[in-house]
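Asker: one predicted model, sequence on top.
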Amino acid sequence: MLKKLKQLGPGMIVAAAFIGPGTVTTASMAGAGYGYTLLWAMLFSIFATVILQEMTARLGTQAKMGLGEAIRKKSTNKFLRYLSFALVISAIVIGNAAYESGNLAGAVLGFEDFPEVFGINLLLIFIGIIAFILLFLGKYKYIERFLVLLVSIMGIVFIFAAILLQPSITEILKGLFIPGIPEKAGLMVVGLIGTTVVPYNLFLHASASKTKWKTGDSLKLSRLDTILSVSLGGLITMAIMITAAVAFEGNSQEIDGIGALGEQLQPILGDWSTHFIAFGFLAAGFSSSITAPLAAAFATSEILDWKDGLKNKKFKMVWAFVLFTGIIIASLGFQPTALILFAQVANGLLLPILAVYLLWIVNDRDLMGNHANSKLINIIGVVVIIVTLLLGLKSIFTALGIL
């Protein structure tokens, strides 16, 4: 079993991608404002993410294709093909460039006292340099191991924090298995699901699985990797919700940053409590700052049929654009509101479309052979697609100010 665990990786990259500063903030607000009552939404998110990511991992390990490549090959209608290409590239590349600034800003959130050069936080520069080196080297195993390390740090920090505050096990079980949406909590449910079921992870996971496992007998291992990694990521998010639920007891207005969370752990951890939480945010922002550019490059290269993977010059130009755009925006200290609004709308459209494409692709026996979807997986997949469609529409309406 230990030998198998050492071979895991692509699923951990997915977990590293969806636990960013935005997820930490959303989970904190959910726990502080609504206690344990929205834990069921995270449980559903984990289930939906496992279903979709297992399909993409199967596509990568069995058909030896990334999702972008499969979409390109399956799209025979020119209009739909170019529409799909435009939507994927705009949502993933421009959207990830916008979100990258939030990843980097979130990573240094607890380290505002760090020295600055020309008004730019040195830690921000350091994170940018490490991310650039890892991506430029183009060595998948280095990227994977580094992200596994960061997920481990997040797990230790947030799960340990939740345990230290001694939450009510009975209330946790109620929140997990008795669904309910308190008044004005609808958008928070959408936020929790939306930060976990992420469109660009579908591209990232298929490509990472194809790169990691070269032989076709790795299906069981990829499934184990997906289930364990996504579940761990979900557990970390739940731990953040539980920590905030205990610490703030239904008053999300008290959350004003890392300091507020750290103060709740001060009786246990002393003066180091704020730094403890800050390291969790650092790991969350750092991991997402690597996966966002990587996913954008994978999606673009596969859609446009670029060869040589991580070593391709155009592949490097895409991730460099996303990374440097994020660094510049984060160093200037403002949020790219218009870009993020566009990204929310584009991703709201993209998620259900990608889910439909994915279901179509993994039912193609010419591509998948005996590893095409079973009837049960198709039924579950359709349910997940309906939920993602509603989620997508809700996020679009919210972004446009209609809801």
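Answerer: Everything's here; your move. Since the model is a prediction, treat every value here as computed from it, not as a measurement.
Asker: which element is residue 389 on?
Answerer: helix 375-399 (DSSP states H and E).
Asker: now for that helix, which elements pack on it?
Answerer: helix 39-62, helix 186-194, helix 337-361 (3 or more C-beta pairs under 8 Å, 6 or more residues apart in numbering; DSSP states H and E). For glycine as for every other residue, the C-beta is placed from the backbone atoms N, C-alpha and C.
Asker: run the angle between it and helix 186-194 for me.
Answerer: Angle of helix 375-399 versus helix 186-194, following axes from the mean of the first three to the mean of the last three C-alpha atoms, to 10 degrees, is 130 degrees.
Asker: now the angle from helix 375-399 to helix 39-62?
Answerer: Using the same axes, to 10 degrees: helix 375-399 against helix 39-62 is 120 degrees.
Asker: isn't residue 104 up against residue 327?
Answerer: Yes. Under the criterion of C-beta atoms under 8 Å, residue 104 makes contact with residue 327 at 6.2 Å.
Asker: which neighbours do these two have in common?
Answerer: Common neighbours of residue 104 and residue 327 (criterion: C-beta atoms under 8 Å, 6 or more residues apart in numbering): 124, 128.
Asker: more neighbours, these two?
Answerer: residue 104 (28 against 22; other C-beta atoms under 10 Å).
Asker: which element is the more buried one on?
Answerer: Per DSSP H and E: helix 95-107 holds residue 104.
Asker: CA atoms of that helix as PDB?
Answerer: Taking C-alpha atoms only, helix 95-107 is exported to PDB below (Å, rounded to 0.1, in the frame of the first residue of the first chain):
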ATOM      1  CA  GLY A  95      -9.500  33.800 -16.400                       C
ATOM      2  CA  ASN A  96      -6.500  32.100 -14.900                       C
ATOM      3  CA  ALA A  97      -4.400  35.300 -15.500                       C
ATOM      4  CA  ALA A  98      -7.000  37.200 -13.500                       C
ATOM      5  CA  TYR A  99      -7.200  34.600 -10.700                       C
ATOM      6  CA  GLU A 100      -3.400  34.300 -10.600                       C
ATOM      7  CA  SER A 101      -3.100  37.800  -9.000                       C
ATOM      8  CA  GLY A 102      -5.500  36.600  -6.200                       C
ATOM      9  CA  ASN A 103      -3.400  33.400  -5.700                       C
ATOM     10  CA  LEU A 104      -0.200  35.400  -5.300                       C
ATOM     11  CA  ALA A 105      -1.700  38.100  -3.100                       C
ATOM     12  CA  GLY A 106      -3.300  35.500  -0.900                       C
ATOM     13  CA  ALA A 107       0.000  33.600  -0.600                       C
END
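Asker: where's it relative to the chain centroid, distance-wise?
Answerer: 12 Å (C-alpha atoms, centre = their mean, to the nearest Å).
Asker: ok, now stretch 362-375?
Answerer: 26 Å.
Asker: end to end, how far does that stretch reach?
Answerer: End-to-end distance for stretch 362-375, by C-alpha to C-alpha, to the nearest Å: 12 Å.
Asker: counting contacts, what elements does the helix holding residue 104 pack onto?
Answerer: Using 3+ C-beta pairs under 8 Å, 6+ apart: helix 95-107 touches helix 21-34, helix 122-137, helix 273-303, helix 313-332, helix 337-361.
Asker: try 6 Å
Answerer: Where contact means 3 or more C-beta pairs under 6 Å, 6 or more residues apart in numbering; DSSP states H and E, helix 95-107 is packed against helix 273-303, helix 313-332, helix 337-361.
Asker: please identify the most buried of the ones you listed.
Answerer: Ranked by mean neighbour count under mean count of other C-beta atoms under 10 Å, the helices and strands packed on helix 95-107 are led by helix 273-303, which reaches a mean of 26.
Asker: quick one: that helix to helix 21-34, angle?
Answerer: 130 degrees.
Asker: pLDDT on helix 273-303, on average?
Answerer: Across helix 273-303, the average pLDDT comes to 86.
Asker: cool, and stretch 13-23?
Answerer: 86.
Asker: same deal with stretch 322-330?
Answerer: pLDDT averaged over stretch 322-330 gives 89.
Asker: stretch 46-54 now?
Answerer: Averaged over stretch 46-54, pLDDT sits at 93.
Asker: give me the residues contacting it.
Answerer: 14, 196-197, 205, 226-227, 230-231, 234, 380, 384 (C-beta atoms under 6 Å, 6 or more residues apart in numbering).
Asker: farthest pair in these?
Answerer: Farthest-apart pair in the contacts of stretch 46-54 is 14 and 380; separation 18.5 Å (C-beta to C-beta).
Asker: between those two, who's got more neighbours?
Answerer: residue 14 (31 against 15).
Asker: can you tell me the SS state at that one?
Answerer: helix (DSSP: H, G, I helix; E, B strand; the rest coil).
Asker: among the contacts of stretch 46-54, which ones are in helices?
Answerer: Residues of the contacts of stretch 46-54 located in helices (DSSP state H): 14, 205, 226-227, 230-231, 234, 380, 384.
Asker: check the gap between residue 71 and residue 302 for me.
Answerer: 8 Å (C-beta to C-beta, to the nearest Å).
Asker: do the same with residue 129
Answerer: 27 Å.
Asker: ditto for residue 367
Answerer: Taking C-beta to C-beta, one finds residue 367 at 14 Å from residue 302.
Asker: can you tell me how far residue 137 sits from residue 286?
Answerer: Taking C-beta to C-beta, one finds residue 137 at 17 Å from residue 286.
Asker: actually, residue 90.
Answerer: Distance of residue 90 to residue 286, computed by C-beta to C-beta: 26 Å.
Asker: over to residue 164?
Answerer: Counting by C-beta to C-beta - residue 164 and residue 286 are separated by 23 Å.
Asker: for residue 151, same thing?
Answerer: 11 Å.
Asker: do residue 231 as well
Answerer: From residue 231 over to residue 286 (counting by C-beta to C-beta), the distance is 22 Å.
Asker: then residue 327?
Answerer: With C-beta to C-beta as the criterion, residue 327 and residue 286 are 13 Å apart.
Asker: before we move on, what about residue 274?
Answerer: Between residue 274 and residue 286 the computed distance is 18 Å (C-beta to C-beta).
Asker: if anything else comes up later, I'll come back, but that's it for now.
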